[in-house]
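Novice: I would like to see how this sequence folds:
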Amino acid sequence: MSLRDRRVQYETAGLDLADLDRSPFAQWQLWYSQAADAEVAEPNAMTVSTVDSDGVPDARVVLARHFDEEGIVFFTNYQSVKGLQVEGHPQVAATFAWLDLHRQVRVRGSVERVSIAESDSYFASRPRESQLGAWASPQSQEINDRESLAALVDEVTARFEGTEVPRPPHWGGYRIVPETFEFWQGRPSRLHDRFRYARHKDEWVITRLAP
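Specialist: Sure thing, here's the model as predicted:
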């Protein structure tokens, strides 16, 4: 089947204003829980979109590791392409796509580093192999081959043998501080339901958008 002929009819009950929580954070938590209960693969995966120093957009999928009314937290190498773009232009967009449920949530906002204590705490919870990988991988940089990466892993494994692995100073968390959310629910005939939450001082204003 060609790409242009591939179609899925979204047969859902839809979404109405009365269905929404007044808080986008509570609404996201509800949808996330339903996605997890439905065994959607990686329900905490989100596409984070950034721009580089020339204003060219970039995007990649990362895992959200914490979500509350302060924002959405993910962790990465600060010296990676992603990290450098965030540091240079601290405005991002994130998208959660729960396709099995015909749902999508878009988020736009500013980004900031989480505290050292928060980064330390999360790093300590990671499997040891992941901790060693954070030290070994020169993320986003060119490497000659897989063997070169394996040699870097062997070096840090030997360095930290018999001791706890500390968090690398170049690795930690970012928090997306949302300014807008958009909740999208698929409907038949591509007449989808879309609701945008926009921050206005201490309140969230909800509006319906055309599909």
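
Novice: over to L63: give its phi and psi.
Specialist: Dihedral pair for L63: phi -110, psi 130, per degrees, to the nearest 10.

Novice: start at 15, not 1
Specialist: With the count now opening at 15, the last piece we talked about shows up as L77.

Novice: so what's the closest residue to it other than its chain neighbours up against?
Specialist: Leaving aside its sequence neighbours, L77 sits nearest to N58 (CB to CB, 6 or more residues apart in numbering; 5.3 Å). Yep, even glycine has a C-beta here, placed from its N, CA and C like the rest. Residues near N58 by CB atoms under 8 Å, 6 or more residues apart in numbering: Y46, L77, A78, R79.

Novice: same check, this time on A138
Specialist: If a contact means CB under 8 Å, 6+ apart, then A138 has E178, R181 as its contacts.

Novice: that one belongs to a strand, doesn't it?
Specialist: No: going by DSSP: H, G, I helix; E, B strand; the rest coil, the assignment for A138 is helix, not a strand.

Novice: so which residues make contact with the regular element (helix or strand) spanning R120?
Specialist: Element membership for R120 (DSSP states H and E) is strand 117-127. For strand 117-127, the surrounding residues in contact (CB under 8 Å, 6+ apart) are 42, 45, 49, 60, 85-86, 100, 104-112, 133, 186-200.

Novice: next, format the contacts of N58 as TSV and append neighbour count and pLDDT.
Specialist: Rendered in TSV, the data for these read as follows (neighbours: other CB atoms under 10 Å; pLDDT from 0 to 100):
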residue	neighbour count	pLDDT
Y46	18	98
L77	11	98
A78	22	98
R79	16	98
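
Novice: and of the residues you listed, the nearest to R160?
Specialist: Each of the contacts of N58 was scored against R160 by CB to CB, and L77 proved nearest at 23.4 Å.

Novice: now the strands for the protein?
Specialist: For the chain, strands defined by DSSP state E occupy the ranges 59-65, 71-77, 80-82, 85-91, 105-112, 117-127, 185-199, 207-214, 217-223.

Novice: nearest to L163, of those strands?
Specialist: The nearest among the strands of the chain, by CB to CB, is strand 85-91 at 14.0 Å.

Novice: report the mean per-residue pLDDT for the closest one.
Specialist: Averaged across strand 85-91, pLDDT comes to 98.

Novice: and the residue nearest the centre of the chain, what is it in contact with?
Specialist: Residue closest to the mean C-alpha point of the chain, counted by CA atoms, centre = their mean, is M60 at 3.6 Å. Taking CB under 8 Å, 6+ apart, we find M60 in contact with V75, V76, L77, A78, I86, F88, A108, T109, F110, V121.

Novice: without its sequence neighbours, what residue ends up closest to the last one?
Specialist: Yep, that's V121 we're talking about. Counting by CB to CB, 6+ apart, V121 lies nearest to A108, which is 4.5 Å off, once chain neighbours are set aside.
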